[in-house]
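# Predicted model and sequence follow; I will ask about them next.
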Amino acid sequence: MTIAAPGVVNIEMTGLQLDRLAGNGGRFFIWRFFAPGLWWHPHPFSLSAEPLASGPGRGSALRITVRNLGRGSAQLARLKPGTKVAVEGPYGLFSTAARTRRKVVMIGAGIGITPLRALLEDTPLAPGDATVLLRGHNEAELYLGSEILALCQKRGAELFHLTGARARWDDHSWLPEDAVRAGYTIAAYVPHIADSDVYICGPASWARNVIADARAAGVGPEQIHHERFDW
């Protein structure tokens, strides 16, 4: 287990042949951690990195990134090494298998950013094919931001950090206040949005506003792939 940000931890689980799940980065699994007070509670979390080989004698590894949002997730941050885990899945369509277009736009907010990191790692892309937009009140809320930056540089993807307070007078905006005042919409960041697949992950009300903005910019319903991240 490692700390990703204040109140946010990466939990890595090792086992045999877990790398056979490669290609499911971004999709979610149901996790049961066999620790006191946790074994009976199923937790739906997305992978935050592609399954990978983790070294000689260690089999392979899966990683999830968890934010302390309540008693259950706070207990996960105190898991001891060696805790046994049962996993079920994968579920959802938040993967490259749902892709319908060459160009891809990935938009995430808060802890909903973490599956985008795995999706960016896994999706077949040519330089210039992907645009990534990360939304948070500040840079500290752009979880796994340094990893995503490195992947964008490696894969030739464009990256925007959209930080700042929301526009409290506008219930329909998903952008920071300064962007709303400037009249920006999703098309200001991604002019080719209408010919792209759009992957969205974040709080429900925020995601609804992103979807409405994308639809207004000409994105068809079959191009929108939305994973709820407000369990």
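Perfect, thanks for sending it. Numbering: from 1, shown residues only.

# use CA for all of it now, contacts and neighbours both
Fine.

# after the helix or strand of the chain with the lowest mean pLDDT, next one along is what?
Among the helical and strand segments of the chain, the one scoring lowest on mean pLDDT, DSSP states H and E is strand 52-53, with a mean of 64. Next along the chain after strand 52-53, taking DSSP states H and E as the criterion, comes strand 60-67.

# got the contact list for that next one?
Strand 60-67 is touched from outside by 4, 7-19, 45-54, 73-74, 76-77, 111, 114, with contacts defined as Cα atoms under 8 Å, 6 or more residues apart in numbering.

# Now, of these, which are buried?
When neighbours are counted using 16 or more other Cα atoms under 10 Å, the contacts of strand 60-67 contain these buried positions: 4, 8-11, 13-14, 18-19, 45-54, 73-74, 76-77, 111, 114.

# what comes up buried for the longest helix seen in the chain?
With DSSP state H applied, the helix covering the greatest number of residues in the chain is identified as helix 204-216. Neighbour-count burial for helix 204-216 flags 206-211, 213-215 (criterion: 16+ other Cα under 10 Å).

# nearest to Phe33, of these?
Within the buried residues of helix 204-216, proximity to Phe33 (Cα to Cα) peaks at Ala207, which comes in at 29.2 Å.

# hang on, that closest one packs against Asp213?
No - counting by Cα atoms under 8 Å, Ala207 sits too far from Asp213 to count as a contact (9.8 Å).

# could you pull out the helices for this protein?
Assigned by DSSP H, the chain shows helices spanning 71-76, 114-122, 145-155, 177-181, 186-189, 204-216.

# list the helices and strands the third one packs on?
It refers to helix 145-155. Applying 3 or more Cα pairs under 8 Å, 6 or more residues apart in numbering; DSSP states H and E, one finds that helix 145-155 makes contact with helix 114-122, strand 158-163.

# same question for the longest one, mean pLDDT?
Averaging the model's pLDDT scores along helix 114-122 yields 92.

# again, but for the last one
Summarised as a single mean, pLDDT over strand 158-163 is 98.

# So for it, what gets flagged as buried?
Of all the residues in strand 158-163, those buried under the rule 16+ other Cα under 10 Å are 158-159, 162-163.

# Would you point out the most distant pair within these?
Spatially, the most separated pair among these is Glu158 and Thr163, at 16.3 Å (Cα to Cα).

# quick one: low-confidence ranges for the protein?
23, 53-59, 69-73, 229-231 (pLDDT under 70).

# neighbours around the residue nearest to Ile193 when sequence neighbours are not counted, how many?
Setting aside the residues directly before and after it, Ile193 is nearest to Ala187 in space (Cα to Cα, 6 or more residues apart in numbering), at 6.2 Å. Here the count is done by other Cα atoms under 10 Å, and Ala187 has 15 residues near it.
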